[in-house]
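>>> Here is my input; please provide its structure:
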Amino acid sequence: MQNNYMEIINCPVCFSKSQRKIKTKFKTTNIFSCKQCKTSYASPFIKEEFDETYASTGSVNSTGSAKDFIDDLKSTNYEKGINTSAIYLSTFTKRLNYWKKILGKKPSDKLKILEVGCSTGLAIESLSKLGQNVMGIDIDKDAISIGKRRNPNLNIYFGDIIKQKDIGPFDVIFASQVLEHFFTPLELLVKLRSLLKESNSLIHIDIPNHDSLSSFYYKLRPTSKRFGGIILPFHQIGYKRKSLEILFNKLEEKPEILKIFSCTNNHKSFGQSFPSPSKLKTSIVLNAYYGLSKITNSGGLLVAIAKF
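Numbering: from 1, shown residues only. This next block holds a predicted model:
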């Protein structure tokens, strides 16, 4: 019989052995909180279940396969590049201007940029339109195929970022909703650092906020299928601000951490570029949720930007 679990002895973020159990028998595992850094995580990790789910679906999208995602987007003219592409272009124009400013670049300068977890390539397409040298990589075969079918010129590829060798160096590497899929998050940051230029370069990541307003609701709800930012088997670590700070400071070369903050998904510069596909016209309820999240500093995203 195949062992579907991987026992976690140390915190996957700070490696402390000091932990306390906060939820027993959550689905097929338990949830612990690290006493030192307050990161929450499943223990044991459901390793084989994760691997088998990925192998059977070709996708690590926690809400369904890439095909389901794109089918939902078709009603918004995704195939024609309308609406969603325009929103992405607006977001990445602002984000690119921010990157260039903190790197001391001129507006006309061209950056070499890598997106890890590029999905169907909308961000890559937007940055390419803005004149940048861009590349995207993802382990979701469906997403890469759909992106290439929509735009054959997209510089996006199927692959495991940890195994990449002959790419880079990059000025900027960004990854949206990727770190939470890794059992060994420091390994990812070490790899990303190795692909950056030696100096004056950036890592920009965002992940689900385990301390968000919605996470608080899911932690309290007895019948919830998730526990805060933990969604099994895809997200097995629930990150807080301190978690990210500790991770970056565990790198051999300590970066200058420019920002670690929470924001809402619809943030014009640091959000996920567009709301849920079925809610592109933001509802009154969603607007109220975003507003309250902003007031309480408990947005659904945690953003970290570090300079080397």
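>>> alpha carbons only for contacts and neighbour counts from here, please
Noted.
>>> For residue 130, give me its contacts.
residue 93 (Cα atoms under 8 Å, 6 or more residues apart in numbering).
>>> List the contacts of residue 11.
Residue 11 neighbours (Cα under 8 Å, 6+ apart): 17-19, 34, 39, 41.
>>> er, residue 9 I mean
Applying Cα under 8 Å, 6+ apart, the residues near residue 9 are residue 17.
>>> any idea whether it is helix, strand or coil?
At residue 9 the chain is in coil, as set by DSSP: H, G, I helix; E, B strand; the rest coil.
>>> Which pLDDT value goes with residue 308?
We have a pLDDT of 97 for residue 308.
>>> and it, how many residues sit next to it?
Residues lying near residue 308 (other Cα atoms under 10 Å) number 18.
>>> got it, and residue 107?
Neighbour tally, residue 107, other Cα under 10 Å: 10.
>>> And for the one 3 residues further on?
Neighbour count for residue 110, taken as other Cα under 10 Å: 15.
>>> Now render the contacts of residue 11 as a markdown table, adding distance to residue 123 and neighbour count.
Formatted as a markdown table, the contacts of residue 11 follow (distance: Cα to Cα, whole Å; neighbours: other Cα atoms under 10 Å):
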| residue | distance to residue 123 | neighbour count |
| --- | --- | --- |
| 17 | 39 | 14 |
| 18 | 40 | 14 |
| 19 | 39 | 18 |
| 34 | 35 | 21 |
| 39 | 30 | 23 |
| 41 | 30 | 27 |
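>>> Redo these as JSON lines? Include secondary structure.
What follows is the contacts of residue 11, written out as JSON lines (three-state DSSP):
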{"residue": "17", "secondary structure": "coil"}
{"residue": "18", "secondary structure": "coil"}
{"residue": "19", "secondary structure": "strand"}
{"residue": "34", "secondary structure": "strand"}
{"residue": "39", "secondary structure": "coil"}
{"residue": "41", "secondary structure": "strand"}
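>>> Would you convert those residues into TSV that also reports distance to residue 172 and pLDDT?
Below are the contacts of residue 11 laid out as TSV (distance: Cα to Cα, whole Å; pLDDT from 0 to 100):
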residue	distance to residue 172	pLDDT
17	34	93
18	35	94
19	35	93
34	31	95
39	27	96
41	29	95
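>>> Looking at these, which is nearest residue 132?
residue 39 (36.2 Å; Cα to Cα).
>>> Against residue 200, how distant is that closest one?
30 Å (Cα to Cα, to the nearest Å).
>>> got it, and residue 109?
Relative to residue 200, and taking Cα to Cα, residue 109 is found at 14 Å.
>>> Show me which of those two is the more surrounded one.
residue 200 (13 against 10).
>>> Not counting residues beside it along the chain, what's closest to the more buried one?
Nearest residue to residue 200, sequence neighbours excluded (Cα to Cα, 6 or more residues apart in numbering): residue 308, at 5.6 Å.
>>> what does residue 121 give?
residue 147 (5.8 Å).
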